[in-house]
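Engineer: Got a predicted model here, sequence first, then my questions.
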Amino acid sequence: MHDVAVVGAGPAGLAAAVEAAEAGLAVALLDTAGQPGGQYWRHYDETHDRPADRVGHHGWPVFTGLRNRLDALRAAGRIRYLPGHQVWLITRDEGGAFTLRMTATASTCAGSGIDRSLPARALILCPGGYDRQLPVPGWDLPGVMTAGGVQALLKGHRTTAGRRAVVAGTGPFLLPVATGLARAGVTVAAVVEANATLGWLRDPVGAMSAAGKAVEALQYAALMARHRIPYRTRTVVREILGTDRVEAVRTVRVDTAGRPAGPEQEIAADLVALGWGFTPSLELPLMLGAETVQDTDGSLVVAVDARQRSSVGGLYVAGEATGVGGATLAVHEGRLSALALAAALGRPADPAATRRLRGAVRRGRRFAAAMQRTYPVPGAWPQWLSETTLVCRCEEVSYGDLRRAYHDLGAQDARTLKMLARPGMGWCQGRVCGFATAAIAARLSGRATTADDLRPLATRSLAVPVPLGELADLADDTTPAETLQHPTRERGRDGE
Amino acid sequence: MTHRLTFRGTEVAAEPGQSVAAALVAAGILGWRTTRRGGRPRGLFCGIGVCFDCLLTVDGVPDQRACLVTAADGMTLGDDADSQDPGSPGKGGAARA
């Protein structure tokens, strides 16, 4: 049995795995991707890449440093690295040991030897996150993508999804997406930012907590100028136009709450990249019953203490799942979780290093909170919706469907709304529409979104869809009966 | 060497290491399935395996996330089911929450 299974090989997970192994723990590192790096350091398949594929990655030396340590530790038999594995279920036996159930990320990996089950004494979950989305009329048209998806296609697959792009939403992540597209030869017609300015440069807390970030922002500002990319602040895309693919967007100036307050403008585009900050991936921690709280940016996150320990014994969580804060903070959290676990298991852990990391995490969190306050989701965003705008893309549930379920069927909270109108019940299980559905449920009742609105849409009985054959195999196994009897029902803290 | 794939009878090229979704998008194909209720075209959205919008039959295996499948020479992409009843619950023998 491994001392620890680390799930996710992005900044937090890579750092956690190498630190834990170097502290003497037997480590398994599981990742859905075929090579390490996560979303932040996503890069072209290294067996086929070219020198140009290495350009434009931030903190690349940090990545290669971690990756080289991973390679050395694998060669020494101290880390078992399992790429192409996605975890769909984690259970716990009476002795406290965890069992992870895995399936191949894609059918084409299935033949290359997938481990189906892995036991571990402790867990460090580093599942990362993905772009947060707000529905807008026309966002289901082909040619509309998440900002991270556009970036992944560019960095991971050397492909641009269009020739003339509009990048819209809020937050500093819109800038690397826009400049990356421009560098690849795409005309970026506009970056449409709902909030005021690059205001965090002037935020004294932010500037002092991360001077390096200020330099990064200036570099992006220079790149935006060099590529002549228009940067429209206090502006949102209120409609995406087209019949079978994107043809244009209609933007409008908004006030601080996001209420339309100015002239509209139509901008031609064949690619629209949308991002409203990030949503942490919480299905695995929620499956184990970890306590969650609402973060400054409104997202549901795992509550952890100063050693990255969750409310569940033996379960550590690091990176975006404990609060969106970027790669540097994620690396600190990953290292801290590994050192804390090593100390808990009686391995020598340098107390000075732990102290330094705790300080770095505290500063990083302060900076992240300042960023989140600077780029909030505008409270009035549901005003941009029309009755026919899809909220849930999978089940094709419109805003009108949600309003009818609320007014006619009495679905007055997110959980009931989900049961009666089916948002979040499709293939993605609410990953894309969960935040929006929770916010709509709260707003229809005339109140602000709380963690209780978010939890029913973040809890999943299975973390990913799995072939029925693999579920059937479980029946011969020792997994708790409850899981098997209701494989398609909500469970966990909020599923009763 | 460039891979040659077939999407509903049309040849699509892919560079080694690219995903099936990237190959389709690079070929100007933005939608490769239609939705169950509205009959609307869908293709790549999140691009990282989260949203399941890009589901596609690959070499006869239904409901594969095109963004996660690495393109290989001779692959056959899509079938009639993709354009008729994609993404229906349980189709292709998958259990969901």
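Structural biologist: Nice, thanks for sending it over.
Engineer: Quick check: pLDDT value at residue A:475.
Structural biologist: Residue A:475 is assigned a pLDDT of 66 by the prediction.
Engineer: Run through the residues that contact the closest residue to chain A within chain B.
Structural biologist: Among residues of chain B, the one nearest chain A by CB to the nearest CB turns out to be residue B:47. It sits 2.8 Å away. Where C-beta positions appear, they are placed from N, C-alpha and C, glycine not excepted. By CB atoms under 8 Å, 6 or more residues apart in numbering or on different chains, residue B:47 lies in contact with A:145-146, A:148-150, A:152-153, B:21, B:54, B:67.
Engineer: part of a strand, is residue B:74?
Structural biologist: No. With the criterion set as DSSP: H, G, I helix; E, B strand; the rest coil, the secondary structure at residue B:74 is coil rather than a strand.
Engineer: number of nearby residues for it?
Structural biologist: 9 (other CB atoms under 10 Å in any protein chain shown).
Engineer: cool, residue A:171 as well?
Structural biologist: For residue A:171, which is what you asked about, the neighbour count (other CB under 10 Å) is 25.
Engineer: Tell me where the stretch 101-250 of chain A has helices.
Structural biologist: Assigned by DSSP state H, counting those that start in this stretch, the helices in the stretch 101-250 of chain A fall at A:147-157, A:174-183, A:204-209, A:211-226.
Engineer: So which of those helices is nearest residue A:422?
Structural biologist: Using CB to CB as the criterion, the shortest distance between residue A:422 and the helices of the stretch 101-250 of chain A is 24.3 Å, found for helix A:147-157.
Engineer: Please report phi then psi for the residue of chain B closest to chain A.
Structural biologist: Geometry field for residue B:47 lists phi and psi as phi 70, psi 0, criterion degrees, to the nearest 10.
Engineer: any idea which element the residue most central in space within chain B lies in?
Structural biologist: In chain B, the C-alpha nearest the mean C-alpha coordinate belongs to residue B:56, at 3.0 Å (CA atoms, centre = their mean). Counting by DSSP states H and E, the element that carries residue B:56 is strand B:55-58.
Engineer: mean confidence for that strand?
Structural biologist: With pLDDT averaged residue by residue, strand B:55-58 scores 96.
Engineer: can I have that strand written out in PDB, keeping just the CAs?
Structural biologist: Extracted in PDB, the C-alpha atoms of strand B:55-58 (Å, rounded to 0.1, in the frame of the first residue of the first chain):
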ATOM      1  CA  LEU B  55     -18.700  13.700 -27.400                       C
ATOM      2  CA  LEU B  56     -18.000  11.800 -30.600                       C
ATOM      3  CA  THR B  57     -17.900   8.200 -31.700                       C
ATOM      4  CA  VAL B  58     -14.200   7.200 -32.300                       C
END
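Engineer: got the contact list for it?
Structural biologist: With CB under 8 Å, 6+ apart as the criterion, strand B:55-58 contacts A:107-108, A:427, B:20-21, B:32-33, B:62-66, B:69, B:75-79, B:81-82, B:86-87.
Engineer: Check which helices and strands the helix or strand just after that strand sits against.
Structural biologist: Scanning forward in sequence from strand B:55-58, with DSSP H and E defining helices and strands, the next element found is strand B:61-65. For strand B:61-65, the elements it packs on are strand B:55-58, judged by 3 or more CB pairs under 8 Å, 6 or more residues apart in numbering or on different chains; DSSP states H and E.
Engineer: Now the longest helix anywhere in chain A: buried residues?
Structural biologist: With residue count as the measure and DSSP state H as the assignment, chain A has helix A:351-374 as its longest helix. Judged by neighbour count (16 or more other CB atoms under 10 Å in any protein chain shown), helix A:351-374 contains these buried residues: A:354, A:357-358, A:360-361, A:363-374.
Engineer: Give me the pLDDT value at the nearest residue to residue A:333 once chain neighbours are set aside.
Structural biologist: Once its chain neighbours are removed from consideration, residue A:333 has its nearest residue in residue A:318; the separation is 3.8 Å (CB to CB, 6 or more residues apart in numbering or on different chains). Residue-level confidence at residue A:318 comes out at 98, pLDDT.
Engineer: Would you map the strands across the stretch 101-250 of chain A?
Structural biologist: Counting by DSSP state E, counting those that start in this stretch, residue ranges of the strands within the stretch 101-250 of chain A are A:117-125, A:129-131, A:144-146, A:164-170, A:187-193, A:231-232, A:235-242, A:246-254.
Engineer: Where among these is average confidence lowest?
Structural biologist: Considering these one by one, the lowest average pLDDT is found for strand A:231-232, at a mean of 92.
Engineer: Name every strand pairing with that strand and say which way it goes.
Structural biologist: According to DSSP bridges, the neighbouring strands of strand A:231-232, each with its direction, are strand A:187-193 (parallel).
Engineer: average pLDDT across the longest helix of chain A?
Structural biologist: 93.
Engineer: helix or strand right after it?
Structural biologist: Downstream of helix A:351-374, the first helix or strand assigned by DSSP H and E is strand A:390-392.
Engineer: for that following strand, the distance to its chain's centre please.
Structural biologist: Using CA atoms, centre = their mean, to the nearest Å, the mean C-alpha position of strand A:390-392 is found 19 Å from that of the whole chain.
Engineer: ditto for stretch A:372-381
Structural biologist: Per CA atoms, centre = their mean, the displacement of stretch A:372-381 from the mean C-alpha position of its chain is 18 Å.
Engineer: cool, stretch A:21-35 as well?
Structural biologist: Going by CA atoms, centre = their mean, the spacing between the C-alpha centre of stretch A:21-35 and its chain's C-alpha centre is 20 Å.
Engineer: Many thanks, we can stop here.
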